[in-house]
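**Q** My questions are about this predicted structure, shown below with the sequence.
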Amino acid sequence: MGGALLQQVRGEGADFSETTLEGADFSYAILDGASFKNAMLFEAVFTGASINGTDFSGCTGINMRSFLGTKGTPIGLLWR
């Protein structure tokens with residue numbers, strides 16, 4: 001799913017675990033309760049997305065700038 005355009009998608013509770021989402025654009029998406037456990041997120045963008053309770057445990061390639069303006073409290077989001 002590299003480079004996927006998923007802006008404004010309603011993905012509450014969606015399971016993106018173990019996926020490769022390099023360059024995916026989730027800008028302004030609603031991803032509350034979704035799981036990105038162990039996903040590869042290099043160059044993925046979450047600008048303005050709602051990520052309350054979204055699980056980012058074990059993800060690789062997370063960039064703090066990709067999360068500008070997000071809403072909510074995610075799980076396991078560690079800035080590297």
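**A** Looks like it arrived, so ask away.
**Q** May I have the predicted confidence score for the residue most central in space within the chain?
**A** The centre of the chain sits closest to F46, judged by Cα atoms, centre = their mean, with a distance of 5.7 Å. For F46, the model assigns a pLDDT of 97.
**Q** what are the phi and psi values for D55?
**A** phi -100, psi 120 (degrees, to the nearest 10).
**Q** Could I get the phi/psi values of R65?
**A** phi -60, psi -20.
**Q** right, I mislabeled it, should have said I75
**A** phi -110, psi 140.
**Q** For it, give the beta-bridge partners.
**A** Listed by DSSP bridges, the beta-bridge partners for I75 are D55.
**Q** Give me the neighbour count for L41.
**A** 23 (other Cβ atoms under 10 Å). (Each C-beta comes from the backbone N, C-alpha and C, glycine too.)
**Q** Quick one: mean pLDDT for stretch 32-40?
**A** On average, stretch 32-40 scores 97.
**Q** no no, stretch 63-74
**A** For stretch 63-74, the mean pLDDT works out to 92.
**Q** Hmm, T70 and the residue nearest to the centre of the chain touching each other?
**A** Yes. Contact criterion Cβ atoms under 8 Å: F46 and T70 qualify, at 5.7 Å.
**Q** May I ask you to confirm that A24 is in contact with G3?
**A** Yes. Contact criterion Cβ under 8 Å: A24 and G3 qualify, at 6.7 Å.
**Q** tally of neighbours for the nearest residue to G69 once chain neighbours are set aside?
**A** Excluding the flanking residues, the one nearest G69 by Cβ to Cβ, 6 or more residues apart in numbering is G48, at 4.4 Å. By other Cβ under 10 Å, 16 other residues sit near G48.
**Q** which residues sit in contact with G48?
**A** 27-28, 68-71 (Cβ atoms under 8 Å, 6 or more residues apart in numbering).
**Q** Which of the helices or strands spans the nearest residue to G3 once chain neighbours are set aside?
**A** Leaving aside its chain neighbours, G3 sits nearest to G23 (4.2 Å; criterion: Cβ to Cβ, 6+ apart). Assigned by DSSP states H and E, G23 belongs to no helix or strand.
**Q** pLDDT score assigned to G23?
**A** The model's pLDDT for G23 equals 94.
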